[in-house]
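S.K.: I need the structure of the sequence given here:
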Amino acid sequence: MTASTSPEQSAAQALSAMDSGDLTTAVRHLSRALLMDPHRAEWLALLTHIMDSAEDPLALVPLRSGGISAGEMAVRAYACHRKRRYHDALDLLMQAALAAPQSPLLDWAKMWLRKPETATSINTGRLAPRFQAILRELPRIKALANGGAPLLVRLGPLVRRLRETQVCDGAFLLLAVSLLRQLPDSKEAYEAAREAHELEPGHASCVALGEVYRDREDWDRAARWFQAALDHQPDDVATRLTLGDMLLAANRPDEAEHWYRAALSIDPQHPQGVSSLLAVRYERTGDPSFKDELEHFALSHPENAAARAMIDRISPYFGSWLPEPGEASLRLVRLMVQKWEEGEDVRVEGMHLSSLEAPSVYLAHALQLAREGKGGRLKLDVEAVPRPDVRRPRVPVRYLLWRYRGTEPLPALSEPPARASAAVTKIAAMPYGLKSWLAQAANVAPQFGSGRILEPLAVMVHPPPLPRGVTPWEWVQRVQIAAMLIAAKTELGWRGSIRRQALFDVANGPLDWTTVAAILALSVLADDEPEIAGDVAALFNDMLRDASEGGYICHLHALVVANQRLPNLSQRMRLELAQRRRELERG
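M.R.: Purely as a prediction, here's the structure:
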């Protein structure tokens with residue numbers, strides 16, 4: 001079916017071909033229609049009629065060396081089902097569903113499995129590669145415009161139907177748990193894990209149940225199942241570390257430290273155990289010597305992802321701590337907030353500055369006025385502009401967020417549609433965490449795609465209304481970071497992509513808190529997509545080299561911290577960044 005051929009036209013072509021006796025052509029046309037709507041009763045009736053007219057229905061859809069289309073694969077699965085080759089039918093249908101995740105083809109499988117004659121006919125062990133393929137392809141599927149919903153929402157019910165009608169061994173059920181947890185479908189994941197444990201109770205089934213409860217943040221039940229796994233495998237270091245990580249995430253550092261120590265009692269040099277214990281001891285005591293020891297350990301073991309993760313946890317930006325901006329002009333906004341909270345009607349709209357600062361201060365000021373139902377506009381008198389000129393992009397850019405009239409900043413993009421503001425607000429209102437926000441952004445981004453990347457970018461300079469309980473400067477930061485993360489996940493490719501252009505352009509654009517948002521998004525994206533790390537490192541190094549001087553340069557601290565996290569840095573670069581960070585933090 002071409003872009004100009006509708007499913008109805010394909011079905012009509014199939015009927016015409018059948019009437020002329022060309023059943024193979026009829027099936028080919030009909031497969032295109034059914035791929036778009038596999039529930040259409042008259043098309044299914046036509047397919048049944050065509051197959052009843054053929055001596056061998058499978059011969060109507062022959063396998064070819066170059067492969068067959070997803071629609072043809074689905075029709076061949078239908079033919080296998082009619083010939084009572086039930087396992088082959090389901091196996092082919094799952095391949096077709098993975099090739100065309102935008103189609104609800106798995107509804108055929110659920111219908112077939114309801115029939116008594118299919119009971120115990122499926123070899124679930126041989127189906128395992130299909131589930132593994134879906135698990136591998138989940139990032140690609142979730143990045144589709146509809147998030148792969150027609151496929152993904154049907155996997156839980158399909159697994160349930162398989163459990164109810166077929167013989168499933170523990171290995172298949174545990175694979176299903178892994179897939180269902182990633183969808184996520186917590187209810188079906190629990191049922192599959194419970195059945196696996198009933199069939200083959202052991203270390204793996206206990207861990208699976210612990211993981212399901214951990215996903216639900218039911219920490220105590222999760223801990224009991226993880227500890228049950230240790231009864232089956234007493235020398236299991238990984239599960240002890242999992243317990244420590246989970247309890248640390250649950251803000252139970254004393255218990256976390258117990259399990260990190262337990263892991264190290266078995267393997268004293270385990271790199272994750274060493275770094276995790278140092279981090280939790282620093283969190284518990286505030287003793288900087290533990291932080292220093294952790295940073296030294298990470299420098300000595302640059303390949304240790306666990307050490308980097310623990311440094312993230314106790315560091316600004318990449319843990320749960322988003323530092324406040326340091327602009328002197330923010331004192332105006334803070335003063336207004338303080339006085340209004342004290343009941344005084346104070347409005348401060350002007351200030352003299354020695355050096356130009358981030359334009360997002362204007363956004364914070366406007367949000368605070370709007371929340372209080374007051375009018376007014378911020379005016380800043382500036383003596384000097386840092387050099388190189390922070391009003392100008394570092395290099396030519398396509399996506400520009402700010403332009404200037406003298407020293408007055410103006411948004412360079414028009415206001416975004418409501419859907420973009422709503423998507424960004426949903427993430428920005430969550431507890432701060434770059435990695436969890438990136439995962440949320442990956443779910444949201446497909447509704448925009450690279451073709452509408454300007455929408456989340458526009459939210460960065462037109463932030464949604466300020467909610468209660470959040471300062472205006474924190475809200476602007478959160479909104480800009482959330483929007484940048486959505487932009488980062490609008491497509492899958494990197495080299496030559498629109499998302500790369502947008503991220504780099506915002507990083508290279510007029511200096512602002514938006515620059516910080518781009519830096520943070522790029523750094524955490526490199527965790528998720530390691531193949532881009534070298535490209536990101538080159539950008540960060542260029543930005544450090546070209547950094548402006550004079551006044552408060554808002555992105556420098558975030559740039560250094562983000563750069564420190566990147567893999568494959570030379571020892572010299574790591575030491576230079578550590579020294580520069582110490583200088584910035586000393587002020």
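S.K.: may I have the secondary structure class of the spatially most central residue of the chain?
M.R.: What sits nearest the mean C-alpha location of the chain, by CA atoms, centre = their mean, is residue 439, with 2.3 Å. Under DSSP: H, G, I helix; E, B strand; the rest coil, the three-state class of residue 439 is helix.
S.K.: which ones are touching it?
M.R.: The neighbours of residue 439, taking CB atoms under 8 Å, 6 or more residues apart in numbering as the test, come to nothing; the list is empty. Where you see a C-beta, it was placed from the backbone N, CA and C, and this is true even at glycine.
S.K.: repeat for residue 458
M.R.: Contacts for residue 458 were tallied using CB under 8 Å, 6+ apart; they are 411, 413-416, 420.
S.K.: in TSV, list those residues along with pLDDT.
M.R.: Putting the contacts of residue 458 into TSV (pLDDT from 0 to 100) gives the following:
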residue	pLDDT
411	98
413	98
414	97
415	97
416	97
420	97
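S.K.: report the buried members of those.
M.R.: For the contacts of residue 458, burial is judged from neighbour counts taken by 16 or more other CB atoms under 10 Å, and it is met by 411, 413, 416, 420.
S.K.: ok, and the closest non-adjacent residue to the second one?
M.R.: Using CB to CB, 6 or more residues apart in numbering and skipping the chain neighbours, the partner closest in space to residue 413 is residue 458 (4.2 Å).
S.K.: then the first one?
M.R.: If you skip the residues right next to it in sequence, residue 411 has residue 461 as its closest partner in space, 3.8 Å away by CB to CB, 6+ apart.
S.K.: repeat for the third one
M.R.: Counting by CB to CB, 6+ apart, the nearest residue to residue 416 once its immediate chain neighbours are dropped is residue 458, at 3.8 Å.
S.K.: the stretch 101-250 of the chain: helices as residue ranges?
M.R.: With DSSP state H, counting those that start in this stretch as the criterion, the stretch 101-250 of the chain has helices at 106-113, 124-142, 149-165, 170-182, 186-199, 203-215, 219-232, 237-249.
S.K.: what comes into contact with the first one?
M.R.: Applying CB under 8 Å, 6+ apart, the set of residues contacting helix 106-113 from outside is 38-39, 74, 77-78, 81, 86, 89-90, 93-94, 97, 118, 122, 151, 154-155, 157-158, 161-162, 165-166.
S.K.: and what of the second one?
M.R.: Contacts of helix 124-142 with the rest of the structure, by CB under 8 Å, 6+ apart, involve 87, 90-91, 94-95, 98, 101, 147-148, 151-152, 155, 162, 166-169, 171-172, 175-176, 178-179, 182-183, 442-443, 446, 492.
S.K.: CA atoms of the helix or strand of the chain with the lowest mean pLDDT as CSV?
M.R.: Every helix and strand in the chain was compared by mean pLDDT, DSSP states H and E; the lowest is helix 330-341, with a mean of 77. Coordinates of each C-alpha in helix 330-341 appear next as CSV, following Å, rounded to 0.1, in the frame of the first residue of the first chain:
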residue,chain,number,x,y,z
LEU,A,330,17.8,37.4,41.8
ARG,A,331,18.0,39.3,45.1
LEU,A,332,15.1,41.4,43.7
VAL,A,333,12.9,38.4,43.3
ARG,A,334,13.9,36.8,46.6
LEU,A,335,13.2,40.1,48.4
MET,A,336,9.7,40.3,46.8
VAL,A,337,8.9,36.8,47.8
GLN,A,338,10.2,37.3,51.4
LYS,A,339,8.3,40.6,51.9
TRP,A,340,5.0,39.3,50.4
GLU,A,341,5.2,36.2,52.6
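S.K.: for it, buried residues please.
M.R.: By neighbour count, and taking 16+ other CB under 10 Å as the criterion, the buried residues in helix 330-341 are 330, 332-334, 336-337, 340.
S.K.: out of those residues, who's nearest residue 386?
M.R.: Residue 386 lies nearest to residue 330 out of the buried residues of helix 330-341, by CB to CB, at 17.1 Å.
S.K.: shouldn't that closest one be in contact with residue 473?
M.R.: Yes: applying CB atoms under 8 Å as the test, residue 330 and residue 473 come out as touching, 5.8 Å apart.
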